[in-house]
Structures are given as structure tokens and as C-alpha cells.
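S.K.: Got a sequence here, can you model it:
(one chain, ligands or ions: 1)
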Amino acid sequence: MDRSWSTDNELSPAALAMLMEARQTILPKRLDAPGPDPDEWRTWLTSAASAPDHGQILPWRFICVPQDQRSRLGDAFAKALLERDPAATDEQVSQARDKALRAPVLLLLVVDGARGDPGVDLHERILSAGCAVQNLLLMATAQGYGSALTSGKALKSTALRALFGLTPDEHALCFLSLGTVRQRRPARPRPSPEDYLQTLGEAGVMAGFPPAPEPTE
Ligand SMILES: Cc1cc2nc3c(=O)[nH]c(=O)nc-3n(C[C@H](O)[C@H](O)[C@H](O)COP(=O)(O)O)c2cc1C
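M.R.: Residues are numbered from 1 along each chain as shown. Below you'll find the model as predicted:
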């Protein structure tokens with residue numbers, strides 16, 4: 001049995017578990033400057049590349065929206081709101097616009113449903129993207145930064161798709177906001193494995209872990 005990775009490296013399973021537990025959503029309005037330095041930036045993006053990727057087709061990418069482009073994203077959010085609700089008030093439009101201005105780092109996650117091997121379906125591509133996102137969030141957490149994912153109806157809007165030049169096969173999945181935590185809330189209670197693990201047995205699928213193996217003599 002080769003367990004050399006865990007014995008050769010300093011990161012213990014307990015430390016990794018602590019890191020994973022430390023990641024929590026910090027809403028973009030609670031993320032302030034400073035953002036990452038260039039080395040940290042590169043480390044975040046490099047961590048995403050360790051995601052599993054069936055067929056190595058790299059079906060996902062991140063589009064950074066730097067501060068000097070945020071007002072253009074704000075305009076797209078405003079247009080997206082008016083696309084679906086032409087009666088939106090000025091205040092609602094202004095709130096939609098403001099969402100583009102928060103957090104020092106803002107990334108849009110895009111998945112391409114057509115790139116590479118057509119046998120790799122959209123579910124697999126989205127799963128790979130989710131793994132890439134989690135790697136990035138954990139790396140940012142390890143460096144002390146806060147993060148959040150946000151979605152919303154604007155992601156499917158004509159205005160947003162046009163701003164980012166998305167092709168018909170590309171899907172804008174969510175935004176990632178990252179920065180220095182101004183205010184942290186208590187972590188939410190996590191579900192336990194019994195809530196989401198089931199085991200196949202003769203009588204069908206049952207909740208919980210498989211029975212422990214019989215001890216060998
Ligand atoms: C794809 C995706 C999109 C999300 N979009 C939003 C969002 O628009 N607004 C929000 O408050 N949280 C959003 N979340 C964050 C979840 O609400 C959050 O992860 C969940 O409440 C668990 O909290 P935790 O991240 O602190 O564990 C999103 C999460 C995912 C995975």
C-alpha cells in the first residue's frame with residue numbers, strides 16, 4: 001500500500017479537514033481590499049488545474065472582471081433586470097448595478113458544453129468545474145481570504161452573455177467573489193455523512209455506511 005504522499009508531506013488529514021471546515025460563504029458585501037498579490041493570484045488559478053477533467057478537455061474557464069470593468073458588468077445586471085422585469089424601479093435597478101461593485105476579485109465561471117470530445121457530456125463538464133472552484137476556494141481560504149459563490153437570473157440574460165461574448169454552447173454558472181473578510185458569521189451546521197451516504201444492499205439502497213468488515217483471524 002503506497003501512502004507515501006501523506007507521510008512525505010506536511011499536510012495532515014486533520015489539517016486538511018480544518019481547512020475544508022474553515023471555508024464558508026462570506027457575502028461579497030463583506031469582502032474588502034486588499035485582494036491577493038500576484039503570487040497568490042497565480043496560486044489560486046493553479047489550484048483549479050488540479051480538478052479532475054474527463055478527457056482533459058478543459059471544459060471550464062474563469063473570466064476576471066477587474067475594477068475598471070465593473071461598471072460594464074453593473075450595466076449588464078441592470079439590463080438583465082429590465083429584460084425580465086421592465087417595471088423594475090430605479091432603486092431596484094441601482095441595487096442590481098451595485099452587485100457588480102463588491103469584492104476586490106470577481107470571477108465569472110464559464111463551462112463550455114461543446115469543447116473537445118462530444119462524448120463528455122455537460123454533467124461531467126459542470127462537475128469538473130465544481131471541483132476546480134472548490135480547489136480555488138480552498139487555496140484562497142488557506143491564504144486567509146474569504147470567498148462566496150453567487151448565481152442569479154442575470155447569468156442567463158442576453159445582456160450578460162453579450163458582455164462576455166459567450167457562444168451558444170457556453171454556460172455562465174456563477175460568480176466567485178474573493179477578498180479580505182470584514183465580518184465573519186458563525187459557520188453553518190454541516191450535514192453529517194449519515195444524511196447523504198447510502199449503501200446498496202440485498203434489500204435495496206439503505207441509509208448509512210456499509211457494515212464493518214468481519215475481523216480476520
Ligand atoms: C453554484 C452556487 C451558486 C450560489 N449562489 C448563491 C447566491 O446567489 N447567493 C447566495 O447568498 N449564496 C449562493 N451560494 C452559496 C450558498 O448559499 C452557500 O454555499 C450555502 O449557503 C452554504 O454555506 P457555506 O458556503 O458557508 O457552506 C451559491 C452556491 C453555489 C454552489
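
S.K.: list the buried ones in the longest strand along the chain?
M.R.: Assignment by DSSP state E gives strand 170-181 as the longest strand of the chain. Along strand 170-181, these residues count as buried under the neighbour rule (16 or more other CB atoms under 10 Å): Glu170, His171, Ala172, Leu173, Cys174, Phe175, Leu176, Ser177, Leu178, Gly179, Thr180. C-beta: built from backbone N, CA, C; applies to glycine.

S.K.: Quick one: residues contacting the last one.
M.R.: Read that as Thr180. For Thr180, the contact set (CB atoms under 8 Å, 6 or more residues apart in numbering) comprises Leu31, Asp32, Ala33, Pro34, Gly35, Pro104, Gly144, Tyr145, Gly146.

S.K.: got TSV for those, with pLDDT and secondary structure too?
M.R.: TSV is the format used below for those (pLDDT from 0 to 100; DSSP: H, G, I helix; E, B strand; the rest coil):
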residue	pLDDT	secondary structure
Leu31	98	strand
Asp32	97	strand
Ala33	97	coil
Pro34	97	coil
Gly35	97	coil
Pro104	98	coil
Gly144	97	coil
Tyr145	98	coil
Gly146	98	strand
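
S.K.: As TSV, those residues with neighbour count and distance to the ligand would be great.
M.R.: Formatted as TSV, those follow (neighbours: other CB atoms under 10 Å; distance: CB to the nearest ligand atom, whole Å):
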residue	neighbour count	distance to the ligand
Leu31	24	13
Asp32	15	18
Ala33	10	21
Pro34	9	22
Gly35	18	20
Pro104	18	18
Gly144	10	16
Tyr145	22	14
Gly146	25	10
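
S.K.: So which of the residues you listed is the closest to Arg23?
M.R.: Gly146 (9.1 Å; CB to CB).

S.K.: which residues does the closest one bridge with?
M.R.: Gly179 (DSSP bridges).

S.K.: Asn135 is in what secondary structure piece?
M.R.: Using DSSP states H and E, Asn135 sits in helix 122-142.

S.K.: could you say what helices and strands that helix packs with?
M.R.: helix 13-22, helix 38-48, strand 60-64, strand 105-112, strand 146-150, strand 170-181 (3 or more CB pairs under 8 Å, 6 or more residues apart in numbering; DSSP states H and E).
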